[in-house]
Structure formats: C-alpha cells, structure tokens
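A.B. asks: Following is a predicted model, sequence given first.
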Amino acid sequence: MSKRLLLLASALFFLLISLGRVQAQTDPNLFKLPDTVCNGHEIVPFNIIQTASNYFWTFCPPNLGIAPTGNNIGPVQSFNNAKGIIVAEDDSFNYTFHINAGADVIRMKYADGLGGMPSMITGMSNLANPGGLYLANNGRWHLFVVAGTDSSNSRLVRYDFNENGLKSMPTEVNLGGLGGGLNGPKHLFMAKQGDNWFAFTFTKKDELIRLSFGNDLANTPTLENLGNIDGHFANVTAVTGLVELDNWHLLITNRNTNSVNRISFGNSLTNTPFVVDLGNLGNRINAPVGIAVTRDCNAYYAFVLNYGTASLVTLKWDDVSIANPPSAQNHGNVAGFAQPLCMTGVARDNGALYLLSTNADNSVSKVIFNSCTNATPAYSDLRLPPSFKIDEPGLYTVFLTIDEGLPTVRTDCEQVYVYAHPPLTVSRDTLICQGDTLQLSALSFGADSFKWAPDYRIDTLSGQFVKVNPVLSTEYTVTTYYDYNCIVKNPIMVTVSKIVADAGPDRTIGDGSGTILGGPGTTLGTQYTYEWTPDIGFTGSRFNPVTTARPPYDITYYLNISNTDGCKTIDSVEVTVPCDDIHLPNAFKPASAYGTGRFGLLNQQFVKINYFKIYDRWGKEVFTTTDSQGKWDGKVDGKDAPLGVYVWEVDAVCANTQQRYRRSGTVTLIR
C-alpha cells in the first residue's frame, strides 16, 4: 500500500475520487466467492479482476451499525486549539496533519498504527490564522491550507512533498489571495473529476467558494463565489463528500442551526448546486464540529461529532441512496470527548475503522470500529490474497476495493454463508524436550479422512493418530476432509526445547595425567544447569559444561543437563587410565618467591614404591623415599640445590596388575 491514500479525512474531510472507499460504487464483477462453506474452510476468492492498480480486501469488516469503542490518549504537545485535522497512509505508515488556532501546521507519524501513540511530531510551517487543510495526491502528495481573517490577508498555500512521500519535508508555495475572494476562509476539501481538480471552502460569511485548478494541482486556481445558497449555511464547521452513481454530493454541519446539509452538484462539480437541509435529525445534532462518511455494501454511514453534547452520532442510509433521509443514532461520549473541536474522516488500520478528534484540552480522542475477529487473516492488499477462513458460523460480507485513490476506484461486496462443521478435537500446541516422541490426534466422527503434513519425523501421513519426534520446532498441519466445501486445516505447533549433552569422546590418558571433559555439541545458555558426576578427580568446576579432571583410575563421567522448560538429558565419557609406565615431569621449579613446585611421581595407581631416588651429577644421592606421594623440594641438607640436571630412579608396583616397573631418567632443576 505504498504511497496511496487509504481514507483521507478531516473536519474538512472529503471522500470523493481521491478517497475511493467512500465514493466507490458496488461492482458485482470484481471477484467471486463460494456461496457456502463450513467454519474453518479455507476460502479462496476467484475470478478476480486483473487490471487494477491496487487492491484492498476486507474479509471481516467492522460492523458500522453498532456503537464503536474509543479512548482518549490525553494531551499531545503539538495541539493548541486545533481547527482541522486529517489522516492519511503513506508507505505503510499513518500520518495526521493538523492546524492550530495560532499559526502552526503540524505533522504527526503513527509508526505503530493508529491504535498507538504518535511517534514523531514535526512542525512544518508558521502560517498565521489557518482555517482549513486538505491533502491531495496526484502521483505526489500536496497539502493545501487556506488562511487569513479577511479579504486583504487571506491566501491559499500549497506544500509540495517530494518523491519520498509524507515523511519528507515539503516545499511551501504561497498561491496568494486569489483576488481577495477567500475572505477569512474556513475548511477545505478537494476532488478530482475526470482530469480536473476542484477545491471548495467557505468564507467567514458562510459563502461557498469553488476553486478550479484545471488538470494540474500546480496551477493557481480560479475562484467562484457560490454564495450562501438559500441561506442554509450557518457557521459551517465541517464538510465531507461522496459521489454516488456519478452524482456529486457534499455533507456539511452547521453549528448555529444544529443541522446537517447535503449540497448536491449533479453529474458535474461545475454545476450550480442545490442544498437539502437534513435538520437536527431528532435533536441528535447539537453544535456539530465534525463529519465523515463511508459505506459498506448495503448502506452509507456518516458520523457527526457534537461539541454541545460531546457525543458521536451515526447517520445511516439503508437503501444505499444518499438522496433519501437517513436514520440517526446517538452513541454518546464513546471516546472521552472533552469539548471536541474537529474530527478526521474515516481511516482503516489493521482492519479496524478509526476516527480521530481533537479536544479543547488539547487531548486526542479515538473512535474505533473494530474489525470482527472471526476471519484469519482479516485483510490483505494483494491482488491474489492469501486464503482466509472464518471461525464462527454466520453470514459474512467480504469487500474488495480496487484503484483506491484513483478516479477508477470501485468496490465489490460478496457474501458467504458459513455453517458449522461436525465437532472436531485436535491436539493443542505442545512443548516437548528434544529427543522425545509425541502422539498427535484429530478426532471427528463426521470426517471422511485426515491428512498430515509435513513429512518430517512423523510415522504416518494419514489417520487420526500420528507419532512425531522432531529435532527442531515444527508446525504440523492436519487436514480434515468432510466435503468439497468443508476441508478444515488445523495447525499444531510442536515446540522443541533444545537440550543436548556432549560429554566428549571416550579417551585413554596416562596415569596421573589430566584431561578436558565436555564436547562441542552441548547446548549452552543461561537457562541450562550443568553437573558432572561422580565427584572424583575434578580439577575444574563440576557445574560447567566443559571442565577438567585428573582421574585416579578408570572411570566413567556423566554430564547431566536440565533447563527451565523442565527437560533433562545426560551423556557419558569413559576415561581409561592404564598403569603401564612411570610418569614424572622433566623439569621443575622449587618453591621460591617466584614459583612453587616439588618433584615427584604423577602416577596415582602404584600400590608399592620400593624406592624413589634422586642423584646429582656426581652420583651423590640427594633424595630418597618409599612413599608414593613423596616429593623432592629441591633442597640438599636443608639448602637449595644448584640448578642443573639430576638423575632419578624408580622401582614401583601397580595396584591392579601387580606389575613391577623400574625406570630411570633425568630432570632439570630450574630457578
């Protein structure tokens, strides 16, 4: 939906050619739907028109015939007695523009959608006494503002946005006072009929002004004063419009007479219009300050915001003819209105319909007609939309609007009846531990067959019961077949809690040697707890995934892992420690201020030491012991032995094999 107008609106909002959803006439030839399906059946539109520039589908539209919800988001710093506000969508983001009573033109961006708070507020211009604004798009965006207090200082100003759209800073162009005919202008709307653009505003005397731009919005328009037609205009506070069966209409609110008027131009905006006074609609209109209009398949809806009663009124034309009197319903203060000043037109976001209003305390109220929650997905902007399904039985209407924002905009509405399929029970989404096997099921007595997908670590692809043991989190889908118009797909998400223990490969080490325990396959993370058992021979922490040990004999170590999901796993490593040789270091540094150390046997499996002797280079014995743990401290007769090479001799017997080993070698003493 890049750079296209969804439903541009304001207290001076207009929904003509450039606002397709309101002006669009229903067209039965845009797409087709199956007449009847069961709930959960995937519905695929067909015979979709191919020549449109853009598409907007609504699979579960809001019910405009009921009371909306709403809220007040509190004061917003950029508001100061706002006199007009509009809303538009560009490049998938929503923007509002408003003018303050003083001299400000402000842009706000709703990066998180209209349901969120404005995330960026930018002052665009300091323009004395602005009276109305309108946002038009003829391939690029243009914001028009009328301003002034009398014929001597009134003017029309155009703000031109570049190719980056509404996020760019516009260039300001002053089109002047148009011969003094504006005279304190208030409110503004624009429309394109054929190739020509028109704008309408009211003077401070409530005279209707028509501006003609020709075929280029860059032109300075000509001005024509249509006057206060039959005296119907009495403090005009808001305007909107629509085109119905090639007949152009404006709807306005009069604050002084508490009334709504329809201004009808017939088949051309160049015609002399006539006015129909709809009155106060059973005293439901009270000091109105805003009006917006839209339609669904069977009716037009207009929404009027009252200052006097701080309330929202819905007008409905049931027979889809704006020429007939509407019914009216006052919903009361649905959005925390506090002396409301102006209102946007209709905007749609995430399937919901929004109206935004400003209040005298500079707060913003949001009126929300939420989309129904029975369709998945609720909307799409693709020509070939994803299949959608409806969860609850009933009669539903699907909308398709094409060429929104263009003169060729059209809307088609098709209905589908959804009936309830037989009871169906399907396994719920499940969390399993890695390595576990899970049984999934789909049970329904009225079903013809069941098919499962994907073909990934599953024992069968058909039947009511299957067993799965995925290594990775996987969404399995079971398709239940009842009839050609009742095929129900249910996803089952099997989330795998990853947990792998890797104690490392089995190994053989020398008696007295150390080894590193733990392999690269172990799952790491703060949600995991590690423990090595048994607690024998560890030289590092037993509670790390990788550690060190110096086992005294053959041993099997176990790495136990658990995680916060409640999963556990274990792996083992067998360490073989044969008693098959004498193990001594080839150098040592005695204890000193610069180092520590003693020289002795590393072996831990000798049951008997016949002797362990050390000699200096001249053959003098400097150390002897029969203790397997005995070690030379590098001293001779209580004094430090000189550095150099010493000879050792060992005679020892292994504990497990009773094998005798006699060895000799050298060691270098260093200091």
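C.D. replies: Looks like it came in fine. Numbering: from 1, shown residues only.
A.B. asks: surely residue 332 meets residue 306?
C.D. replies: No. With contact defined as C-beta atoms under 8 Å, residue 332 does not reach residue 306; the gap is 9.9 Å. Every C-beta, even on glycine, is put in place using the N, C-alpha and C of the backbone.
A.B. asks: Give me the more crowded residue out of the two.
C.D. replies: Set residue 332 next to residue 306 and count neighbours by other C-beta atoms under 10 Å: residue 306 wins out with 24 against 13.
A.B. asks: Just want to check the distance between that one and residue 69.
C.D. replies: 18 Å (C-beta to C-beta, to the nearest Å).
A.B. asks: before we move on, what about residue 88?
C.D. replies: 23 Å.
A.B. asks: ok now do residue 467, which residues does it touch?
C.D. replies: Neighbouring residues of residue 467 by C-beta atoms under 8 Å, 6 or more residues apart in numbering: 437, 438, 439, 440, 458, 459.
A.B. asks: and what of residue 571?
C.D. replies: Contacts for residue 571 (C-beta under 8 Å, 6+ apart) come out as 501, 502, 503, 558, 559.
A.B. asks: Please give the element, helix or strand, for it.
C.D. replies: strand 568-576 (DSSP states H and E).
A.B. asks: And residue 92, what's its pLDDT?
C.D. replies: Note on residue 92: pLDDT of 82.
A.B. asks: distance of it from residue 111?
C.D. replies: 10 Å.
A.B. asks: re earlier: residues bridging contact with residue 332 and residue 306, i.e. touching both?
C.D. replies: In contact with both residue 332 and residue 306: residue 312, using C-beta under 8 Å, 6+ apart.
A.B. asks: what does the average pLDDT come to for the helix or strand where residue 238 lies?
C.D. replies: In this assignment (DSSP H and E), residue 238 forms part of strand 236-244. Average pLDDT, strand 236-244: 91.
A.B. asks: And the closest residue to residue 36 other than its chain neighbours, which helix or strand is it part of?
C.D. replies: Nearest residue to residue 36, sequence neighbours excluded (C-beta to C-beta, 6 or more residues apart in numbering): residue 417, at 4.8 Å. If you go by DSSP H and E, residue 417 is part of strand 410-419.
A.B. asks: does residue 450 have beta-bridge partners, and which?
C.D. replies: residue 480 (DSSP bridges).
A.B. asks: and it, how many neighbours does it have?
C.D. replies: The burial count for residue 450: 21, using other C-beta under 10 Å.
A.B. asks: can you check residue 349 too?
C.D. replies: So residue 349, with other C-beta under 10 Å, has 20 neighbours.
A.B. asks: neighbour count winner among residue 88 and residue 69?
C.D. replies: The neighbour count for residue 88 versus residue 69, taken as other C-beta under 10 Å, is higher for residue 88 (28 against 13).
A.B. asks: residues in contact with the closest residue to residue 600 other than its chain neighbours?
C.D. replies: Leaving aside its chain neighbours, residue 600 sits nearest to residue 631 (3.1 Å; criterion: C-beta to C-beta, 6+ apart). Neighbour list for residue 631: 598, 599, 600, 601 [criterion: C-beta under 8 Å, 6+ apart].
A.B. asks: Mind doing that once more with 6 Å?
C.D. replies: For residue 631, the contacting residues are 598, 599, 600, by C-beta atoms under 6 Å, 6 or more residues apart in numbering.
A.B. asks: Buried ones only from these, please, as a ChimeraX command.
C.D. replies: A single ChimeraX command selects the buried members of the contacts of residue 631 (16 or more other C-beta atoms under 10 Å):
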select :599,600
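A.B. asks: Which parts of this protein are helices?
C.D. replies: Taking DSSP state H to define them, one finds helices in the chain at 20-23.
A.B. asks: shaky segments in it?
C.D. replies: For the chain, applying pLDDT under 70 flags the ranges 1-28, 320, 404-409, 592-596.
A.B. asks: The same query, at a cut-off of 50, please.
C.D. replies: 1-25, 407, 593-595 (pLDDT under 50).
A.B. asks: quick check: domain ranges of it?
C.D. replies: Segmentation of the chain into domains, based on automatic domain parsing, reads 9-376, 425-495, 507-576, 587-669.
A.B. asks: So which of those domains is the most surrounded?
C.D. replies: domain 9-376 (a mean of 20; mean count of other C-beta atoms under 10 Å).
A.B. asks: and the strand holding residue 238, what does it pack onto?
C.D. replies: Where contact means 3 or more C-beta pairs under 6 Å, 6 or more residues apart in numbering; DSSP states H and E, strand 236-244 is packed against helix 20-23, strand 247-254, strand 288-295.
A.B. asks: nearest to residue 527, of the ones you listed?
C.D. replies: helix 20-23 (48.8 Å; C-beta to C-beta).
A.B. asks: Which members of the contacts of residue 571 occur in strands, if any?
C.D. replies: In this view, those that belong to strands under DSSP state E are 558, 559.
A.B. asks: Let's have the contacts of residue 571 in JSON lines, adding distance to residue 549.
C.D. replies: JSON lines is the format used below for the contacts of residue 571 (distance: C-beta to C-beta, whole Å):
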{"residue": "501", "distance to residue 549": "16"}
{"residue": "502", "distance to residue 549": "16"}
{"residue": "503", "distance to residue 549": "11"}
{"residue": "558", "distance to residue 549": "12"}
{"residue": "559", "distance to residue 549": "12"}
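A.B. asks: Off-centre distance for stretch 347-364?
C.D. replies: 20 Å (C-alpha atoms, centre = their mean, to the nearest Å).
A.B. asks: how far does that stretch stretch from start to finish?
C.D. replies: Separation of the first and last residues of stretch 347-364 by C-alpha to C-alpha, to the nearest Å is 15 Å.
A.B. asks: Which residues outside it are in contact with it?
C.D. replies: Here stretch 347-364 makes contact (C-beta under 6 Å, 6+ apart) with 6-7, 62, 72-76, 79, 82, 85, 87, 113-114, 292, 303, 305, 338-344, 346, 365-371, 378-379.
A.B. asks: Look up phi and psi at the closest residue to residue 195 other than its chain neighbours.
C.D. replies: Counting by C-beta to C-beta, 6+ apart, the nearest residue to residue 195 once its immediate chain neighbours are dropped is residue 215, at 4.4 Å. Backbone torsions for residue 215, taken as degrees, to the nearest 10, come to phi -90, psi 10.
A.B. asks: what separates residue 215 from residue 360, distance-wise?
C.D. replies: 41 Å.
A.B. asks: what does residue 515 give?
C.D. replies: 79 Å.
A.B. asks: now residue 401
C.D. replies: Distance of residue 401 to residue 360, computed by C-beta to C-beta: 36 Å.
A.B. asks: same question, residue 369
C.D. replies: 25 Å.
A.B. asks: Equivalent analysis for residue 389, please.
C.D. replies: 46 Å.
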